[in-house]
Structures are given as C-alpha cells and as structure tokens.
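> Provided below for reference: sequence and predicted model.
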Amino acid sequence: MNNRLQGFTVLGLMLLGGAPFACGGTNSAGSGAGGAGNVGGSGATVLPSTPVAQGNFATAYGSALCDNVGACCTQYGFAFDHAACLTAATTRVGSVDTLDPGISYDPDAAGQCLAQIAALAKGCTLGANAELDLISCVTFAKGTLMPGQSCTSSAQCAAGPGSFVDCRSADPNAPSGPPVCVVSGSDAHGKAGDSCAATCSEIPNGAECDSVRSVVIGSGGASGTGSPNSAAVSCYTDDSLYCAAATNTC
C-alpha cells in the first residue's frame with residue numbers, strides 16, 4: 001500500500017518531528033536534549049478513536065498532540081508549555097476546518113488519524129512514524145476532481161494509486177493557462193537523470209513522498225515548477241537520490 005504524504009496531510013508527521021514546536025517551549029537541558037525530534041521507542045498502542053467533525057479538527061488535533069506529549073518533552077529536556085502547544089498546533093492546522101471546494105472530508109478517518117498521533121505523542125515515539133500505519137492521516141481529506149477538471153489547488157485533485165496530481169495548466173507551452181488537474185508522475189523508483197515528480201523514502205507501508213510540483217491546501221492558486229509529465233518517476237533517498245526542483249530530475 002502506498003502511503004504518499006503531501007500537502008497538509010503531512011502535518012502530523014512534521015509537527016511531531018519538531019520537538020520544540022510540540023513542546024511549546026525550548027531546549028532546557030543542554031547536551032543530549034536535541035534528539036527529541038527523532039526519539040525511537042518500543043512502539044505505541046493506538047487508542048480507540050471517535051469521529052471528528054471537520055469544524056472541530058484543529059481543536060481536536062491540538063488536544064491529541066498537546067494533551068499527550070508533555071512527559072516526553074520533559075524526558076528529553078524540553079520545557080513544556082501546554083497553552084503554547086495548543087495555540088501553535090491549532091494555528092498550524094486551522095486550514096483543515098475550512099477545506100477548499102472539491103476536497104472531501106472523512107470524520108472517521110480523521111478520528112483514527114488523531115488517535116494515532118495521540119499514541120505517538122503519549123508513547124514518546126516522536127519521529128518514529130514508521131512504527132504506525134498513518135494511512136488515515138493521508139486519506140481523511142482527499143481531492144475529488146479528476147484530470148482535466150478546473151481547480152484552484154492541487155489538493156482538490158484526485159490521485160490514483162501511486163500517482164501524483166497537480167493543479168496547473170495542461171499546456172507546458174502556456175504555463176499561465178487555465179489551471180486543471182494534471183497527472184504529473186508516479187512513485188515508481190527513478191534513476192539518476194530521470195524526469196521526476198517527487199523525492200521519496202521507503203517506509204513499511206509503502207513510500208513517504210514530497211512532491212516538488214504540489215501545492216498545499218489553502219494556497220489560493222496553482223503553482224509548482226517544471227512542466228506536467230505523467231511519465232515522471234520519483235527519486236528515492238534509499239537510492240541516494242532526490243528530485244531537484246530546479247530541473248525536475250533525479
């Protein structure tokens with residue numbers, strides 16, 4: 001199963017991976033404390049989840065992270081400020097409460113996502129996202145627009161299995177043309193010099209990728225680099241490759 005993370009769906013992993021942000025404070029222990037962003041662990045048990053309404057997502061996200069991360073922050077030498085953590089968390093994910101038209105929201109998957117995030121925080125497995133299947137954090141908000149349909153952000157576009165989609169002009173010779181959903185590549189392994197759409201890393205459930213052609217939810221318009229190329233592949237860090245945004249090649 002591909003676990004392709006892009007746009008705001010990566011928010012849980014990004015925020016959990018940044019200990020100072022999650023803790024709401026700064027390093028207070030000197031040497032050794034800086035490792036909190038990549039703390040491993042014996043695993044975390046995912047707690048039962050309940051559906052989360054779209055308008056409540058930001059508040060629920062803040063609670064899932066900040067109500068559970070305090071002990072881990074203290075353990076690794078970071079001052080914990082619950083109020084600051086809540087403010088930062090809800091601010092960073094507030095756009096989920098008002099998604100762009102063309103994006104569907106699944107309350108059940110959102111609840112499962114937040115239960116997994118809470119488990120990571122409570123289990124002090126910050127940054128060890130491969131220990132849990134976070135596919136629910138990828139799928140609770142999905143684009144519904146098909147290739148060729150008009151769009152204002154890449155998040156509105158529906159991605160097929162293993163594919164990347166962008167909101168941009170379909171004509172590479174007219175980049176300022178009307179934006180539509182365009183298939184721009186796949187998560188297949190590329191080689192040095194190949195035309196690429198993303199940089200990926202292998203994880204147990206598939207691949208975690210960052211598309212160099214995508215835009216995040218709430219961006220207000222299409223953007224990206226290079227021309228659409230449905231034959232573009234992905235460059236894997238496991239192969240010591242990355243997708244260079246300037247050239248769109250591995």
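Sure, I can see it. On a predicted model such as this, the values are computed, not experimentally measured, just so you know. Numbering: from 1, shown residues only.

> strands of the chain, start to end?
Using DSSP state E, the strands assigned to the chain run over residues 103-105, 141-143, 163-169, 179-186, 196-203, 206-211, 233-236.

> and of the ones you listed, who's closest to residue 55?
Nearest of the strands of the chain to residue 55, taken as Cβ to Cβ: strand 103-105 at 9.8 Å. For glycine as for every other residue, the C-beta is placed from the backbone atoms N, C-alpha and C.

> hmm, back to that, as a markdown table, the strands of the chain with mean pLDDT and mean neighbour count would be great.
Listed next are those as a markdown table, based on pLDDT from 0 to 100; neighbours: other Cβ atoms under 10 Å:
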| stretch | mean pLDDT | mean neighbour count |
| --- | --- | --- |
| strand 103-105 | 92 | 17 |
| strand 141-143 | 88 | 22 |
| strand 163-169 | 83 | 26 |
| strand 179-186 | 86 | 24 |
| strand 196-203 | 82 | 23 |
| strand 206-211 | 72 | 22 |
| strand 233-236 | 90 | 25 |
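
> export those strands as JSON lines, with columns for distance to residue 123.
Shown next, in JSON lines, are these (distance: least, Cβ to Cβ, whole Å):
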{"stretch": "strand 103-105", "distance to residue 123": "27"}
{"stretch": "strand 141-143", "distance to residue 123": "25"}
{"stretch": "strand 163-169", "distance to residue 123": "32"}
{"stretch": "strand 179-186", "distance to residue 123": "34"}
{"stretch": "strand 196-203", "distance to residue 123": "18"}
{"stretch": "strand 206-211", "distance to residue 123": "20"}
{"stretch": "strand 233-236", "distance to residue 123": "28"}
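
> where are the low-confidence patches of the protein?
1-22, 24-48, 126-135, 204-206, 211-230 (pLDDT under 70).

> mind listing the helices for it?
11-16, 19-23, 57-66, 70-75, 82-92, 107-122, 135-139 (DSSP state H).

> could those helices go into a markdown table alongside distance to residue 208 and mean neighbour count?
Formatted as a markdown table, the helices of the chain follow (distance: least, Cβ to Cβ, whole Å; neighbours: other Cβ atoms under 10 Å):
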| stretch | distance to residue 208 | mean neighbour count |
| --- | --- | --- |
| helix 11-16 | 8 | 20 |
| helix 19-23 | 19 | 23 |
| helix 57-66 | 19 | 23 |
| helix 70-75 | 22 | 18 |
| helix 82-92 | 19 | 17 |
| helix 107-122 | 15 | 22 |
| helix 135-139 | 9 | 21 |
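
> could those go into JSON lines alongside distance to residue 169?
Below are these laid out as JSON lines (distance: least, Cβ to Cβ, whole Å):
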{"stretch": "helix 11-16", "distance to residue 169": "28"}
{"stretch": "helix 19-23", "distance to residue 169": "36"}
{"stretch": "helix 57-66", "distance to residue 169": "32"}
{"stretch": "helix 70-75", "distance to residue 169": "46"}
{"stretch": "helix 82-92", "distance to residue 169": "30"}
{"stretch": "helix 107-122", "distance to residue 169": "32"}
{"stretch": "helix 135-139", "distance to residue 169": "27"}
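
> of all the ones you listed, which one is nearest residue 157?
Smallest distance to residue 157 across the helices of the chain (Cβ to Cβ): 14.5 Å, for helix 135-139.

> tell me which other helices or strands the closest one touches.
helix 107-122 (3 or more Cβ pairs under 8 Å, 6 or more residues apart in numbering; DSSP states H and E).

> tell me the bridge partners for residue 185.
Following DSSP bridges, residue 185 is listed with bridge partners residue 164.

> thinking it is in contact with residue 235, fair?
No. Counting by Cβ atoms under 8 Å, residue 185 does not reach residue 235; the two are 10.5 Å apart.
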